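**Q** Here's my sequence, what's the structure:
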Amino acid sequence: MYYVIDCVEPDDPDEDDLGYYELDESLTIAGISSWSIGQKFSVAVPKPLIIPITAEDECDGDPLELYDYNIPLMTSRLKEAFTAAGVDNIDFYDAILRDSENNKEFHYFAFNVIGLVSAVDLRKSSLSSFDGDYKIDSSIRGMTIDKTRTQNLLCFRLLENVKTLVVHEKIKNSIENMGVDTIVFYEPNDYVQI
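**A** The predicted structure is shown next:
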């Protein structure tokens, strides 16, 4: 069974707004056009990669467990869960999330998933494509993953929509067994990405 992985912001019933950390999404690395196309990099990534963050709305907690934005990021314990599940197609890079205003730093890992897989069964899914090729940026309103096309990968990005990170239930189980409760797993039929 495969799932789409995402991170949920923590809720606190005693607080109206916990605040959050805003990442600098404009950060780029010369020679890397995208972290979402499933290919190994031919240039070196800075060690460590420094990502500026800004506390918003009086944020007093930690950054999210997982960011899948311009430069995808995850915590050490999430990396450990992926590795323990047997994932071998992710390149990890040391990263520091730096809140200069409040003099805080958080150790994370930038990650590049190697593998862009066309695994959606288009006949059993609700996808739309502006250019008709169902690649890179298709809108998804529920889908079915064809397990025979996953290349037996435990983690991959969808060719149909590269912002969709798909994980096998082995990864889901590994994350849950470690007690990580900040991650949500969507069943493909319930997943929406517009």
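
**Q** now the helices for this protein?
**A** 76-84, 169-177 (DSSP state H).

**Q** what sits up against the first one?
**A** The reference is to helix 76-84. 65-66, 74, 90, 92, 107-109, 111, 155, 171, 174-175, 177-178, 180, 183 (CB atoms under 8 Å, 6 or more residues apart in numbering). From N, CA and C alone the C-beta is placed, and that goes for glycine too.

**Q** Output it as PDB, nothing but the C-alphas.
**A** Extracted C-alpha coordinates of helix 76-84, given in PDB (Å, rounded to 0.1, in the frame of the first residue of the first chain):
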ATOM      1  CA  SER A  76      16.800  13.900  12.100                       C
ATOM      2  CA  ARG A  77      14.200  11.500  13.500                       C
ATOM      3  CA  LEU A  78      12.200  11.400  10.300                       C
ATOM      4  CA  LYS A  79      15.400  10.700   8.300                       C
ATOM      5  CA  GLU A  80      16.100   7.800  10.800                       C
ATOM      6  CA  ALA A  81      12.600   6.400  10.200                       C
ATOM      7  CA  PHE A  82      13.100   6.500   6.400                       C
ATOM      8  CA  THR A  83      16.500   4.800   6.700                       C
ATOM      9  CA  ALA A  84      15.100   2.200   9.100                       C
END
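
**Q** What are the buried residues along that helix?
**A** 78-82 (16 or more other CB atoms under 10 Å).

**Q** any idea which residue sits dead centre in this protein?
**A** residue 68 (3.6 Å; CA atoms, centre = their mean).

**Q** picking that back up, so for residue 146, which of the helices of the chain sits nearest?
**A** helix 169-177 (16.0 Å; CB to CB).

**Q** so the closest one versus helix 76-84, what angle?
**A** 140 degrees (axes from the mean of the first three to the mean of the last three CA atoms, to 10 degrees).
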